[in-house]
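# With the input below, show me the fold.
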Amino acid sequence: MTRGRLTALVLGAAFGFAISWGQFTDPDRIRAMLRLEDLYLYLMMATAVVVGFAGTRLLRRAGARTLLTGEPVAWSVGAPGRRHVAGGVLFGLGWALTDACPAPILAQVAQGSAWGLCTLGGVVAGIWLYLRRQERPAPGLARQRRWPATSQVQSSTTLPSGSST
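Numbering: from 1, shown residues only. Model (predicted):
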């Protein structure tokens, strides 16, 4: 096993333990959070966001490098687009329907929860459908290329004298 995979396995197991211990795998706790009846999970997430936000900025400011690849800690920021909003809505709907997001689903399966397998099946099916959609050519793409690519080159070249277009 490579160093990167071993690191991913250890960090994944630690993360799975942490979200299980933090009760992020309990559907009743998640439902109470989504109904705004219990703020515990929101406070846990907010704490993680604050620590991650501050930590990554401090690492970047210090010129730190990543442990596995040695690359500088850096990122780029782009404006949110329509796909981000659609993805957020879809993620929220899935979370509300299943009382889980992807990390707790895997922790639920690891804990032996049968409902976690059903939810995981839905996630896998959704990913499969998304990837199938990405493989399809865009509508109308075949109609746009009526002429071979060489015709574009020929049209840009000069014609012999006496020829007309």
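# and Ile105, how far is that from Gly16?
According to CB to CB, to the nearest Å, Ile105 and Gly16 sit 11 Å apart. Heads up, the C-betas are built off the backbone N, CA and C, glycines and all.
# higher neighbour count, these two?
Set side by side, Ile105 and Gly16 show more neighbours around Ile105, with 23 against 20, by other CB atoms under 10 Å.
# residue contacts, the more buried one?
Contacts for Ile105 (CB atoms under 8 Å, 6 or more residues apart in numbering) come out as 98, 116, 119-120, 123.
# Can you tell me the SS state at the most centrally placed residue in the chain?
Taking CA atoms, centre = their mean, the centroid of the chain lies closest to Gly87, which sits 9.2 Å from it. Gly87 falls in the helix class when you classify it by DSSP: H, G, I helix; E, B strand; the rest coil.
# Switch the contacts of Ile105 over to CSV; also include distance to Ala74.
Below are the contacts of Ile105 laid out as CSV (distance: CB to CB, whole Å):
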residue, distance to Ala74
Thr98, 35
Gly116, 36
Thr119, 35
Leu120, 33
Val123, 30
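# between the residues you listed, which is closest to Arg60?
Nearest to Arg60 among the contacts of Ile105: Val123, at 32.1 Å, using CB to CB.
# Next step: the contacts of Ile105 restricted to helices.
98, 116, 119-120, 123 (DSSP state H).
# least confident pick among those residues?
Lowest pLDDT among the ones in helices among the contacts of Ile105: Thr98, with 83.
# nearest residue to that residue other than its sequence neighbours?
Thr119 (4.6 Å; CB to CB, 6 or more residues apart in numbering).
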